[in-house]
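A.B. asks: Sequence first, then the predicted structure, then my questions.
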Amino acid sequence: MKEVGLTRKDIDTLANTLSVGVKSETIKKIGYYYNNTQTITEEEKRIAEDIFRIMVRDFEVKVREVLVDTIKSSKNIPHDIIAKIVQDTDTVSVPFIRDYEALSKDDLVNIINFQNENKQKAVAMRQNLPSEVASHIAEVSSEGVVEILLENKTAKIEEKAYDTIVNRYTTSEGIKEKIVNREILPIPVVEKILNNLSEILQKKLLFKHNLPDNIVSDIVEQVHDKVTLKISQEYSSDRQIELFVSQLYRLNKLSSSLVVRSICLGDVKFFEYALCLLANKPINDVRKVLFTTKDDFIIRNLLRDAKIPTNMFVPVIASLKIAQELNFDIGKKNKDTFSKRVIERILTHETLNEKLDISDIEYLITKIS
């Protein structure tokens, strides 16, 4: 036996009652038919939507809450009804924003731009949140909203969005912990945040993401190198840099990767003092080879004496050529772009007289970036 569908009597019932209970039961009945698209007629659908338009303006919050709970699993609610619900008080709008699947990307971005934090958090909680919306949250939302986004296991967060979050919240331990707790992280993100984590979070990050031993070793090495060179850049005099490099040498921490990275970042002073110790040559001899010779062969011999791996000769020579073009005047402005120029030089093989395949190029860029 077919159940009685929607009729104009339902509108009359709602119009002539003040009872929250009666309104709520009527809304549930309407919602049932509205969601049952196989049996609802076009006329009944129009009646239901007219009733929804009345109910979203009802002065009783409870009635509006029941309405949202009833229709949030629907598919094609008219946009004027959606807009009214989104503008409503949090107890009405938040469940709808969180659960109504048919909200468009534009709808979600507008909520992030113009609605309060609770409604933004509802967006961040949505299942399978698109990467475009996640990126927008990363760029403009508060720390609390970003934390909810990071807790959302189904949210699609791209590497660029992680970069934005890390740059915006460099001192937030809560953000760092939630990044570490993500199921999957791009390796460049792991590399970027590792040196800013506590020892406990570092171990958790490397363990949780089950990185291969060689990648873990590379990441730890890169983090150490970058921190060391950042310290070096704080020193202004040759003597300070010489003492710093000597200390690293005595502690057996003057690795070839550190030395190569130093010149690729434009830290000429660090590089020359490191070669002095590793090749056991006076500073003037090192400078003569690095800064006056036009013969790559002589430079290569010096690098061999310093036990620099031959597969790293290319970025070293590229870096020296760029430094020569700058007349070794590598101030802060030039240092900021120096490594990018080295990478560009490697990518184009310009003036390097080397034949490199793709795997060689990728390896070199990983080592110096």
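C.D. replies: In hand now; what should we look at? Residues are numbered from 1 along each chain as shown.
A.B. asks: measure stretch 272-286 end to end?
C.D. replies: 7 Å (C-alpha to C-alpha, to the nearest Å).
A.B. asks: For that stretch, which outside residues touch it?
C.D. replies: 241-242, 245-246, 249, 254, 258-259, 262, 287, 290, 302-303, 305-308 (C-beta atoms under 8 Å, 6 or more residues apart in numbering). Every residue, glycine included, has its C-beta placed from N, CA and C.
A.B. asks: filter those to the buried ones?
C.D. replies: Ile241, Glu242, Val245, Leu254, Leu258, Val259, Ser262, Leu290, Leu302, Leu303, Ala306, Ile308 (16 or more other C-beta atoms under 10 Å).
A.B. asks: Could you single out the nearest of those to Leu201?
C.D. replies: Leu201 lies nearest to Leu258 out of those, by C-beta to C-beta, at 24.1 Å.
A.B. asks: Now that closest one: closest residue in space, sequence neighbours ignored.
C.D. replies: Nearest residue to Leu258, sequence neighbours excluded (C-beta to C-beta, 6 or more residues apart in numbering): Asp225, at 4.6 Å.
A.B. asks: Tell me which helix or strand that neighbour sits in.
C.D. replies: helix 213-232 (DSSP states H and E).
A.B. asks: just to revisit the earlier point, show only the entries of the buried ones among the contacts of stretch 272-286 found in strands.
C.D. replies: Using DSSP state E, no member of the buried ones among the contacts of stretch 272-286 falls within strands.
A.B. asks: Looking at the residue nearest the centre of the chain now. What's its pLDDT?
C.D. replies: For the chain, Tyr162 is the residue whose C-alpha lies nearest the centre (C-alpha atoms, centre = their mean; 1.0 Å). Each residue has a pLDDT score; the one for Tyr162 is 95.
A.B. asks: ditto for the one 4 residues further on
C.D. replies: According to the model's per-residue confidence, Val166 sits at a pLDDT of 92.
A.B. asks: now swap in the one 3 residues further on and tell me
C.D. replies: As summarised for this prediction, Tyr169 has a pLDDT of 93.
A.B. asks: contacting residues around it?
C.D. replies: Tyr169 touches Glu143, Val146, Ile175, Lys176, counting by C-beta under 8 Å, 6+ apart.
A.B. asks: Which ones among the residues you listed lie within helices?
C.D. replies: Among the contacts of Tyr169, the ones falling in helices (DSSP state H) are Glu143, Val146, Ile175, Lys176.
A.B. asks: State the distance from the last one to Lys204.
C.D. replies: Same thing as Lys176. From Lys176 over to Lys204 the distance is 10 Å, taken as C-beta to C-beta, to the nearest Å.
A.B. asks: Have a look at these two and say which one is more surrounded.
C.D. replies: Lys176 (21 against 15; other C-beta atoms under 10 Å).
A.B. asks: mind checking how far the more buried one is from Leu194?
C.D. replies: From Lys176 over to Leu194 the distance is 10 Å, taken as C-beta to C-beta.
A.B. asks: Which of the contacts of Tyr169 ranks first by neighbour count?
C.D. replies: Val146 (28 neighbours).
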